[in-house]
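>>> heads up, no residue letters with this:
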């Protein structure tokens, strides 16, 4: 791949995740402090990510793969996203905010696949070239968080003054830039014949459901859905929790998770080869339980280190479970169903699993909201810690650590 193409793709990936990191990290705090949303209302807003993940395969499978260049669809979606971000910026009530964030997530979630498609189609050796390009996405997320803190939008005074709404303006401007920029990206035409008919099952990757005939894969599949329930607690509650615990520079501190993710993803092949899939994925599950226990009993004063360690565990929590799971899924699916199998797992985790998790998190937040602050948060974190530990033990008992041939 030419150096100029690599640079263009890196800029694309940087902007893609800069947009997401600009507003999503602080969303829970904004909803609670500025729109006075209840736990259930907050869950409803965060659930739009799951709805977007469920709807995304239709947009990619029925439109992007058959009719239009991927880079052009990427541009149109981000231009429309910029308009919706401006409307989110203007919204004064969660009931007004919700339709815009729902529409935005339906448009944004497909772009996560589109930036990958544009990148892969330009590469001669994706195994070596993609990781560098994707790293710029993590850098974009980190820089977005740093800017939010540098501008003091997430400071106690900034939150009380309503400055967190500026995160939507920043994301909207970046979305506008990426929308325009996308039309200059390398041409990425459709890969499928528009006259080729596919069933809804094929579009969603449901053909790969045959994998569930394998007992081990079924255990992994169910565990993937269940572990996304505690994962949803982090996305929905973490920033607001750190703000209410008076942690300094919250948004910057939370980028420690992305830094650890960037480093630990390099260890996955080594850990996977030495300890095998079962131990690797269990390490990720156990890390969720440990981090939530640290959040439950840590504070921003003498026990601040516990909160920081909990944030830093994000690399193990995310990489050791999701990346290992993607490798395992790829191994178990035959050539014909590799993409379908990955789509099935994504639909199950970001779609079904996190949707359940967001609603459970909202119900639990509302249930304990009248307790003293520290005690309330202790209950909110202990419950997902227990769920993560239970999933880990379930996986330990039911998954047979043996070499298996591809199912499909």
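Arrived safely, thanks for sending. All figures in this text were calculated on a predicted structure; none of them were measured in a lab.
>>> from residue 83, how far out is the closest residue to residue 379 other than its chain neighbours?
Distance criterion C-beta to C-beta, 6 or more residues apart in numbering; nearest residue to residue 379, sequence neighbours excluded, is residue 368 at 4.5 Å. Using the backbone N, CA and C atoms, a C-beta is placed for each residue, glycine as well. Distance, residue 368 to residue 83, using C-beta to C-beta, to the nearest Å: 38 Å.
>>> and the residue nearest to residue 379, how many neighbours does it have?
17 (other C-beta atoms under 10 Å).
>>> centre of the chain to stretch 151-163, how far?
Mean C-alpha position of stretch 151-163 versus that of the full chain (C-alpha atoms, centre = their mean, to the nearest Å) differs by 25 Å.
>>> ah, wrong one, I meant stretch 266-275
Centroid displacement of stretch 266-275 relative to its chain, using C-alpha atoms, centre = their mean, is 22 Å.
>>> make 19 the first number, not 1, from now on.
That works, and once the first residue is 19, the last one we named lands at stretch 284-293.
>>> quick one: contacts of it?
Under the criterion C-beta atoms under 8 Å, 6 or more residues apart in numbering, residues 298, 301, 337-338, 341-342, 345 lie in contact with stretch 284-293.
>>> same question for stretch 399-406.
Outside stretch 399-406, the residues that touch it by C-beta under 8 Å, 6+ apart are 244-245, 247-248, 251, 259, 303-304, 306-308, 310-311, 313-314, 379, 382.
>>> could you pull up the residues touching residue 101?
residue 190.
>>> that one sits in which helix or strand?
Using DSSP states H and E, residue 101 sits in helix 88-108.
>>> what sits against the residue nearest the centre of the chain?
The centre of the chain sits closest to residue 368, judged by C-alpha atoms, centre = their mean, with a distance of 7.4 Å. In this structure, residue 368 makes contact with 67-68, 71, 246, judged by C-beta under 8 Å, 6+ apart.
>>> cool, residue 281 as well?
Per C-beta under 8 Å, 6+ apart, neighbours of residue 281: residue 333.
>>> and residue 250, how many neighbours does it have?
Using other C-beta under 10 Å, residue 250 has 26 neighbouring residues.
>>> any idea how far residue 239 is from it?
Distance, residue 250 to residue 239, using C-beta to C-beta: 18 Å.
>>> what of residue 85?
With distances taken as C-beta to C-beta, residue 85 is found 32 Å from residue 239.
>>> how far off centre is stretch 164-172?
Relative to its chain's centre, stretch 164-172 lies at 21 Å (C-alpha atoms, centre = their mean).
>>> now that stretch: buried residues?
For stretch 164-172, a neighbour-count test (16 or more other C-beta atoms under 10 Å) marks 165-167, 171-172 as buried.
>>> got it, and stretch 273-283?
Here stretch 273-283 shows 273-280, 282-283 as buried, counting by 16+ other C-beta under 10 Å.
>>> just those: which are in helices?
Within the buried residues of stretch 273-283, residues falling in helices by DSSP state H are 273-280, 282.
>>> make CSV out of those residues and add pLDDT and distance to residue 324.
Conversion of these to CSV gives the following (pLDDT from 0 to 100; distance: C-beta to C-beta, whole Å):
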residue, pLDDT, distance to residue 324
273, 89, 18
274, 91, 13
275, 89, 15
276, 84, 20
277, 87, 18
278, 88, 16
279, 82, 20
280, 79, 23
282, 81, 20
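>>> what's the domain layout of the chain?
19-205, 220-426 (automatic domain parsing).
>>> which of the ones you listed has the lowest average pLDDT?
Among the domains of the chain, domain 220-426 has the lowest mean pLDDT, at a mean of 86.
>>> one step back: only the buried subset of the contacts of residue 368, as a ChimeraX command please.
Selecting the buried subset of these in ChimeraX, with 16+ other C-beta under 10 Å as the burial test, is done by:
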select :67,68,71,246
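>>> dump the contacts of residue 368 to CSV, plus distance to residue 26 and secondary structure.
What follows is those, written out as CSV (distance: C-beta to C-beta, whole Å; DSSP: H, G, I helix; E, B strand; the rest coil):
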residue, distance to residue 26, secondary structure
67, 28, helix
68, 32, helix
71, 27, helix
246, 34, helix
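>>> ok, of the contacts of residue 368, which one's closest to residue 416?
Distance to residue 416, by C-beta to C-beta, is smallest for residue 246 among the contacts of residue 368, at 17.9 Å.
>>> which non-adjacent residue is nearest that closest one?
residue 371 (2.8 Å).
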